[in-house]
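S.K.: here are the coordinates; sequence isn't available:
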């Protein structure tokens, strides 16, 4: 396999991709920035900065937009790399930071009627990350540390090698119980849950990512 057949996601791509995707999804939903601000409770100035690629997106912001626009997170942050071999360097991926979690979006995979999103997830020591819920189902495999997971009132504790899966629409949270926690997060959606962004102008903007 030649070097030209290897698709690599460049450093600093998430912010720019989010800007292009957010504007496209918002337009296809027929929403003004003012209306999206009202529904998401995110300021107009913040949304304008995000769409221009100059904002500083957080996990809470991206998940809120995913929930309000009713699209998977990958429709907002994925750059759609192509090629028989795709390499994503974790150190070169923009980190989406939240109150307690750092997420690195690694890859979106489409298979039949399913869409899978893969993230490197790190819960900071002594921190908790809450979510009101979002599209799809959520799956986490702990690699190191002790992780507390709460889903709609149910609580479990996970260690290295342990797995948990649940309906992501339910309120849920992750807590680092004893030092930082490193895990792999996988989100699964049905294809019909996605807003397909396939017009030529959008495809052209993604080709350089």
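M.R.: That came in fine, so what should we check first? This is a predicted model, so every value here is computed, not measured.
S.K.: drop to CA atoms for contacts and neighbour counts, all remaining ones
M.R.: Fine.
S.K.: okay, which residue is most central for this protein?
M.R.: Residue closest to the mean C-alpha point of the chain, counted by C-alpha atoms, centre = their mean, is residue 73 at 4.3 Å.
S.K.: what's the biggest helix in this protein, counting residues?
M.R.: When the chain is parsed with DSSP state H, its longest helix is helix 13-28.
S.K.: could you name the helices and strands sitting against that helix?
M.R.: helix 44-51, helix 74-77, helix 200-206 (3 or more C-alpha pairs under 8 Å, 6 or more residues apart in numbering; DSSP states H and E).
S.K.: 6 Å instead?
M.R.: Packed against helix 13-28, as judged by 3 or more C-alpha pairs under 6 Å, 6 or more residues apart in numbering; DSSP states H and E, are the following elements: helix 44-51, helix 74-77.
S.K.: check which residues of the helix or strand immediately after that helix in the chain are buried.
M.R.: Note on helix 13-28: by DSSP states H and E, the next helix or strand toward the C-terminus is helix 33-40. By neighbour count with 16 or more other C-alpha atoms under 10 Å, helix 33-40 contains the buried residues 33, 36-37, 40.
S.K.: and if you look at stretch 65-83?
M.R.: So, applying 16+ other C-alpha under 10 Å, buried residues of stretch 65-83: 65-81.
S.K.: which strands or helices does the helix or strand residue 140 falls within pack on?
M.R.: Using DSSP H and E, residue 140 maps to strand 137-144. Judged by 3+ C-alpha pairs under 6 Å, 6+ apart, strand 137-144 is in contact with strand 163-167, strand 181-190.
S.K.: name the strands paired with the first one and say parallel or antiparallel.
M.R.: In the sheet containing strand 163-167, its partner strands are strand 137-144 (antiparallel), by DSSP bridges.
S.K.: kindly report the same for the last one.
M.R.: Sheet pairing here is set by DSSP bridges, and for strand 181-190 it gives strand 114-123 (antiparallel), strand 137-144 (antiparallel).
S.K.: identify the residues contacting the helix or strand just after the shortest one?
M.R.: Helices and strands here follow DSSP H and E; after strand 137-144, the next one along the chain is strand 147-151. The set of residues external to strand 147-151 that reach it, using C-alpha atoms under 6 Å, 6 or more residues apart in numbering, is 155-158, 171-177.
S.K.: among these, which ones are in strands?
M.R.: The strands, defined by DSSP state E, take in 155-158, 172-176 from the contacts of strand 147-151.
S.K.: which of these sit farthest apart?
M.R.: Across these, the longest distance by C-alpha to C-alpha is 14.7 Å; it joins 158 and 172.
S.K.: could you save the strands paired with strand 181-190 as CSV and add columns showing mean pLDDT?
M.R.: What follows is these, written out as CSV (pLDDT from 0 to 100):
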stretch, mean pLDDT
strand 114-123, 92
strand 137-144, 97
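S.K.: what's the closest of those strands to residue 91?
M.R.: strand 114-123 (10.8 Å).
S.K.: if we can go back for a sec, now list the buried members of the ones in strands among the contacts of strand 147-151.
M.R.: 158, 172-176.
S.K.: can you report how many residues lie near the nearest residue to residue 167 once chain neighbours are set aside?
M.R.: Spatial nearest neighbour of residue 167, excluding adjacent residues (C-alpha to C-alpha, 6 or more residues apart in numbering): residue 137 at 4.5 Å. By other C-alpha atoms under 10 Å, 18 other residues sit near residue 137.
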